[in-house]
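[1] Provided below for reference: sequence and predicted model.
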Amino acid sequence: MTINQPTRRQFIGTSSALAAGLMLAGCTAPSEPSTADGLPSHSRGTAVPTLCELCPERCAFTAIVSNGALANVLADGTHPNARGSLCVCGYTLPDVIAAEARITEPHRRTAADAWETLSWDQAVQDIAAQLASLTQTHGAESIALVHDGRPSHALYGETLLHALGSPHVVNASQRGADVARALELTTGGRAFYPDAANTKMLLLVGQASSGSAAPREASVLHEAKAQGASVCRVSAYRTASDTALDEWVPLAPGTELAFLLAIAQVIVEEDLYDHRFVASCAEGFDAWATTLSAYRPAWAETVTGIPAATIVRLARALANNAPAASVCAADLCDHYANSGEAARTMALINTLIGAWNQAGGALLPSDLSFAEADASCIPAVPSPAEEGVATIDALAKAVEAGDVRGLLVFSAGASEALLASLEERPETLELCVAVDSHRSAATERADYLLPCCAVLEHDELPSFDPGPLPLVSVQKQVLEPACPTVRPVSEIVIELAHACGIGQFFEFSPDEVYAARLRSVGLAETELAHASFAPLFDKQATYGDLPNIVFSNEALEEAGMPLTAQWIEPLAHPTDDIRAFRMIRTVPPTCISPYASGEKTRSIAAAGGLERAMMNRAAARDLGIQEGDEIVIETPASIATRTVHLTSCVHPKALLVPSDAHSSSVSDETIVSVTKGASR
């Protein structure tokens, strides 16, 4: 049985109608004149359907353009992620795009550690010469590229690096490649989603790294709660989207895996699992089941701090509500060295309770990699001889070791993600090129700055977004570039490729790739002329469609994973020292933190107290820290200060710090020391 019945054309029609309604509410009316391209116009602006590419959610909205500027944004109520709302980043886009920190000309760092402007031709020739020198001296594998996941950044970046002979291309928006790989080897897919509209119990493990109300997660929680489901989160802190929770269970940061293994142990030992379901779709269950005796709730209590009785209660509740129940997470615990095993164990619990593709259970949509692979218009690029680094943390280690000596970084979000793992620039890093629209703390570490278009200043390539109902999404150009000297990433890469002597691999246009991607899912360009997304109904999850689940097999070992899901220690634990905490950055560096400097964004942060660190009230009392005090946060490489807000919604060994351009660069596995600074 298919979960959603409307056709694609019906959905697009509904989306267009809703957009018209939003326009009537304050921007335009369908009866009024249209622009030359058919978009509705109004004295207060022109309405353009588009979406936000600043994070992987890609929420759709209607942009209101007036006098060449972005005047307002209206969230799209038909979009599965936005659902009629946007995050703070989305609502402040007008402020973000107009920020004064725009990069408008190419810059080069001088010997005196200052910036000088230079022409595009000179900048490209200089960079090409240095890339050639690195290749000749250290090999092509000494060059790496990191991007923020935008489709054009990924396609052009990968083509450039592979044409140069390097395998090192890292998507910063997917920090935990080990998580995606673990899920793929376990379930066949790289993500899964709760059937919130029909669930009886939703157990969320971990928290969204945004630390705030991401529209999709908030709507999922409220949808589940609205129809009477039990909703519980087990995490290091309670998020702003958790108003729909029935229960919050605090957990020591980095110990999600221990909790999940104990849940599985209870379900198996008490014979609460679905024997028929496991036998019909799973491989290697017996091999894993024999290992679970090591992970009893009493053991997990010593690791996580969660009472054993609570673990038993939650395990039984999952089984009792099965198959209309699931265990899931916003970011799949994607923060620690054991995150891959945590995501894998989560998937195996959903197998034990028979939840896959069942009404109210966990949904596995079709793999969309086929669509990304449509590259018939792109000349074939030889694949590098070796496998490249897959994660930001692995790239940081390669840079520190001197294995990577040249870095190309597409967007501040990507560079901030790298900075979080790289405390300082190693002397072995000979070249760093930042391609970005705005200045940030990250761009200041580069040798060259190349100005690119900001979001909404160019047409992005179609992306294929997973979910219970997968989407093809398109960010449309809404504004003219801020000045004639900024360029889309595609143009920058093509020019650099020609300077490097590999221009033959770029004998195609963005328009050709755009059309090819839409053709891969059976869409014509005209179908998205006045819409920013279209559902892929033929790729949605289907009730009763059982996946092939792997509890244990040799392929897992060959991929460098344990034969069976097992406990792996986080790289670091806070010590018994009352000053020791694990810092959790409440906005991930893969989002728009470097842009969060505009007046509107700052005012929202100030009004909500979002610029403060958050600390457990009892832990603060032990250190003599009071509400509003200034605290000193010390890492192995830096010292920072923050005003503190005390709360009971944070685990005693966790410290929440907003990730902005001024926050300390620490990895997810860094333990910090906190002391009292100035009083109120």
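    Ah, there it is. Numbering: from 1, shown residues only.
[2] contacting residues around the helix ranked longest in the chain?
    Longest helix in the chain by number of residues (criterion: DSSP state H): helix 120-138. Around helix 120-138, the neighbours that count as contacts under Cβ atoms under 8 Å, 6 or more residues apart in numbering are 106, 108, 118, 142-143, 164-165, 405-406, 430-431, 433, 448, 450, 485, 487, 495-496, 499-500. Where you see a C-beta, it was placed from the backbone N, CA and C, and this is true even at glycine.
[3] separation between residue 548 and residue 190?
    Separation of residue 548 from residue 190 (Cβ to Cβ, to the nearest Å) stands at 15 Å.
[4] same thing with residue 95?
    Applying Cβ to Cβ to residue 95 and residue 190 gives a distance of 34 Å.
[5] list buried residues within the contacts of helix 120-138.
    Taking 16 or more other Cβ atoms under 10 Å as the criterion, what is buried in the contacts of helix 120-138 is 106, 108, 118, 142-143, 164-165, 405-406, 430-431, 433, 448, 450, 487, 495-496, 499-500.
[6] so residue 109 sits against residue 448, correct?
    Yes. In this structure, residue 109 is within contact of residue 448 by Cβ atoms under 8 Å, at 7.4 Å.
[7] let me see the backbone angles for residue 383.
    Dihedral angles of residue 383 (phi, psi; degrees, to the nearest 10) stand at phi -70, psi 140.
[8] my guess is it contacts residue 165, does it?
    No. Taking Cβ under 8 Å as the definition, residue 383 is not a contact partner of residue 165, at 10.1 Å.
[9] what touches both of these two?
    By Cβ under 8 Å, 6+ apart, no residue touches both residue 383 and residue 165.
[10] which of the contacts of helix 120-138 fall in helices?
    164, 495-496, 499.
[11] mind listing the helices for the stretch 501-650 of the chain?
    Counting by DSSP state H, counting those that start in this stretch, the segments of the stretch 501-650 of the chain that form helices are 510-519, 554-558, 599-607, 617-622.
[12] out of those, flag the one nearest residue 390.
    helix 554-558 (15.5 Å; Cβ to Cβ).
[13] got the buried residues for the closest one?
    Applying a neighbour-count criterion of 16+ other Cβ under 10 Å, one finds residue 556 buried in helix 554-558.
[14] work out the gap between it and the centre of the chain.
    27 Å (Cα atoms, centre = their mean, to the nearest Å).
[15] got a list of contacts for that helix?
    185, 550, 562-563.
[16] okay, and which of the residues you listed map to strands?
    residue 550 (DSSP state E).
[17] show me what the longest strand seen in the chain is packed up against.
    The longest strand of the chain (DSSP E) is strand 639-647. On a contact count with 3 or more Cβ pairs under 8 Å, 6 or more residues apart in numbering; DSSP states H and E, strand 639-647 meets strand 613-616, helix 617-622, strand 630-634.
[18] what about the longest one, average pLDDT?
    In this model, helix 617-622 carries a mean pLDDT of 95.
[19] quick one on the thing from earlier: pick the one among the ones in helices among the contacts of helix 120-138 closest to residue 426.
    Scanning the ones in helices among the contacts of helix 120-138 for proximity to residue 426, where the rule is Cβ to Cβ, the winner is residue 164, at 21.3 Å.
[20] helices and strands around whichever helix or strand residue 674 is part of, which ones?
    When elements are assigned from DSSP states H and E, residue 674 belongs to strand 671-676. Other helices and strands packing on strand 671-676, by 3+ Cβ pairs under 8 Å, 6+ apart, are strand 580-585, strand 630-634.
[21] quick one: the strands in the stretch 351-500 of the chain?
    362-363, 406-410, 431-436, 448-451, 463-465, 471-473 (DSSP state E, counting those that start in this stretch).
[22] tabulate those (a markdown table), appending mean pLDDT.
    Putting the strands of the stretch 351-500 of the chain into a markdown table (pLDDT from 0 to 100) gives the following:
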| stretch | mean pLDDT |
| --- | --- |
| strand 362-363 | 92 |
| strand 406-410 | 93 |
| strand 431-436 | 93 |
| strand 448-451 | 95 |
| strand 463-465 | 84 |
| strand 471-473 | 89 |
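[23] could you dump these into CSV and include distance to residue 64?
    Below are the strands of the stretch 351-500 of the chain laid out as CSV (distance: least, Cβ to Cβ, whole Å):
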stretch, distance to residue 64
strand 362-363, 35
strand 406-410, 28
strand 431-436, 26
strand 448-451, 26
strand 463-465, 23
strand 471-473, 20
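[24] could you list the low-confidence segments of the stretch 101-250 of the chain?
    Along the stretch 101-250 of the chain, the model assigns pLDDT under 70 to residues 173-177, 208-214, 240-241.
[25] do a quick rundown of the helices in it.
    Under the criterion DSSP H, counting those that start in this stretch, the stretch 101-250 of the chain contains helices at 120-138, 151-164, 177-187, 215-226.
[26] so which bits of the third one are buried?
    Judged by neighbour count using 16+ other Cβ under 10 Å, the buried positions of helix 177-187 are 177-183, 185-187.
[27] widest-spaced pair of the residues you listed?
    Largest separation among the buried residues of helix 177-187 by Cβ to Cβ: 177 and 187, giving 15.9 Å.
[28] for the closest residue to residue 568 other than its chain neighbours, give its distance to residue 393.
    Leaving out its chain neighbours, the residue that sits closest to residue 568 by Cβ to Cβ, 6 or more residues apart in numbering is residue 338, at 4.0 Å. As judged by Cβ to Cβ, residue 338 and residue 393 stand 13 Å apart.
[29] now do residue 459
    Residue 459 is 33 Å from residue 393, by Cβ to Cβ.
[30] who's more crowded, those two?
    Neighbour tally, residue 459 and residue 393, criterion other Cβ atoms under 10 Å: the higher count belongs to residue 393, 24 against 19.
[31] show me the contacts for the closest residue in space to residue 646 that isn't next to it in sequence.
    Nearest residue to residue 646, sequence neighbours excluded (Cβ to Cβ, 6+ apart): residue 617, at 4.4 Å. Residue 617 makes contacts with 646-648, as judged by Cβ under 8 Å, 6+ apart.
[32] any idea which of those has the most stuff around it?
    Most crowded among the contacts of residue 617, counting by other Cβ under 10 Å, is residue 646 at 20 neighbours.
[33] I figured residue 105 hits residue 484, correct?
    No. The pair residue 105 / residue 484 is not scored as a contact, 10.5 Å apart, by Cβ under 8 Å.
[34] the more surrounded of these two?
    residue 105 (16 against 8).
[35] which strand residues bridge the closest residue in space to the more buried one that isn't next to it in sequence?
    Closest residue to residue 105 apart from its sequence neighbours, by Cβ to Cβ, 6+ apart: residue 117 at 4.8 Å. On the basis of DSSP bridges, residue 117 takes part in beta bridges with residue 107.
[36] pull the number of nearby residues for residue 117.
    Residues near residue 117, counting by other Cβ under 10 Å, number 13.
[37] so who does it touch?
    Residue 117 sits in contact with 105-108, where contact means Cβ under 8 Å, 6+ apart.
[38] go on, residue 252?
    Counting by Cβ under 8 Å, 6+ apart, residue 252 has contacts 236, 303-305, 573, 651, 653.
[39] ramachandran coordinates for it?
    According to degrees, to the nearest 10, residue 252 has phi -60, psi 130.
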